[in-house]
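Colleague: structure, please.
(one chain, ligands or ions: 1)
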Amino acid sequence: MNSQLISYLFETRAIRVCPKDSPFWYTSGKIGPYYINTHFLFGSEEEANRFLERIDSLKEDKMACSGALHQIVREQYQKSPIYKGTIDALTAYIREYLDPEAIDYISGGERRDWFFSLLVAEHLEKPHITLFKDMDAVVYENGSSRDAADLKGATVLHVADLITSASSYERAWVPIIHKIGARMKHSLVVVDRLQGGAEVLGRLGVTSHALVSIDRGVFEEACRKHYIGRDQLQMVLDYMEDPDGSMRSFLMEHPEFLTHALNSGGKTAERAKLLIENDFYKLGMEQGK
Ligand SMILES: O=P(O)(O)OC[C@H]1O[C@H](OP(=O)(O)OP(=O)(O)O)[C@H](O)[C@@H]1O
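Modeller: Numbering: from 1, shown residues only. Predicted coordinates for the structure are as follows:
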């Protein structure tokens, strides 16, 4: 277990655990006790969000964007010990467990992979393949960018912030790498949520690596280090054991939680409506109305 990384994740609130009896609303309309924003390891939530905004404008110019992003991440590496520690942990992992000599390119996909992939490429002295959600690819090497043409069977290591179900690999990253004549052999992420991503990568012929896997050990360590309390830990462990069952019990015991959400307006009320419409927790449609 990567103890230093776990501290970084809780210090920056990249992993946030809800107060007891107040789970988070996820976009799907389900509820749960924790949230993961790996990109906060850039240093802080504010700095990460500022960088995301910069990415949103810079990505409009695909040929200029890798260089501009590279400049920003280099400055941040000098400024933030947490960010530096994360990048150094990624390169150390590659040197220890993957053979850098056998890797020709590092790739990273729009947007949050770029927080990590560009500096890993620099530190391993490899060209970077900048991948875009619209299926474009640009090779960035020695400070200049070119269209990614036939890469002649080159071997690629993809570096990303987070893997959940590997849907972005399946939909875009692996097909683009294939289209430009290369092969994605490995994936290395900072955080694996252990929600099926590694299995999907396996089917795509990509080996899956992570610095931190989100299992009960991560939260037990966070509790030992006093980042979270025992009651928060218990809520997370119950959820990990049985995500739907534990949240169903919570809603049965706290019917006011759903009523408040419905009355609160905005995004939360929208998500609460989704929960009811889909009857995710088999509460019966009358619940909370
Ligand atoms: O395992 P997966 O199903 O691929 O999901 C994980 C990816 O999803 C998120 O990015 P998102 O697609 O939200 O794009 P963004 O980086 O532009 O925010 C996240 O930052 C990962 O890169």
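Colleague: any idea of the mean pLDDT for the host helix or strand of K273?
Modeller: Following DSSP states H and E, the helix or strand that holds K273 is helix 266-278. What helix 266-278 shows for mean pLDDT is 95.
Colleague: now that helix: buried residues?
Modeller: R271, A272, L274, L275, I276 (16 or more other Cβ atoms under 10 Å). Every residue, glycine included, has its C-beta placed from N, CA and C.
Colleague: just stretch 167-185 next, same as before
Modeller: Going by neighbour count (16+ other Cβ under 10 Å), the buried part of stretch 167-185 is S168, Y169, A172, W173, V174, I176, I177, I180, A182, M184, K185.
Colleague: near the ligand at all, that stretch?
Modeller: Yes - residues of stretch 167-185 contacting the ligand under Cβ under 6 Å from any ligand atom: S167, S168, Y169.
Colleague: got CSV for the buried residues of helix 266-278, with distance to I214 too?
Modeller: CSV is the format used below for the buried residues of helix 266-278 (distance: Cβ to Cβ, whole Å):
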residue, distance to I214
R271, 22
A272, 26
L274, 24
L275, 23
I276, 28
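Colleague: among those residues, find me the one that's closest to the ligand.
Modeller: Of all the buried residues of helix 266-278, R271 has the smallest distance to the ligand: 17.0 Å, by Cβ to the nearest ligand atom.
Colleague: what's the distance between the closest residue to that closest one other than its chain neighbours and D147?
Modeller: Taking Cβ to Cβ, 6 or more residues apart in numbering as the measure, R271 lies nearest to W25, with 4.3 Å between them; neighbours along the chain are not counted. The spacing between W25 and D147, counted by Cβ to Cβ, to the nearest Å, is 42 Å.
Colleague: of those two, who's got more company?
Modeller: Taking neighbours as other Cβ atoms under 10 Å, W25 and D147 compare with W25 leading, 19 against 11.
Colleague: quick check: Y227 is in a helix.
Modeller: No - Y227 sits outside any helix when classified using DSSP: H, G, I helix; E, B strand; the rest coil, being coil.
Colleague: could you measure from the closest residue in space to it that isn't next to it in sequence over to H178?
Modeller: In space, not counting the residues next to it along the chain, Y227 is nearest to F10; the distance is 3.8 Å by Cβ to Cβ, 6+ apart. The gap separating F10 from H178 is 38 Å, by Cβ to Cβ.
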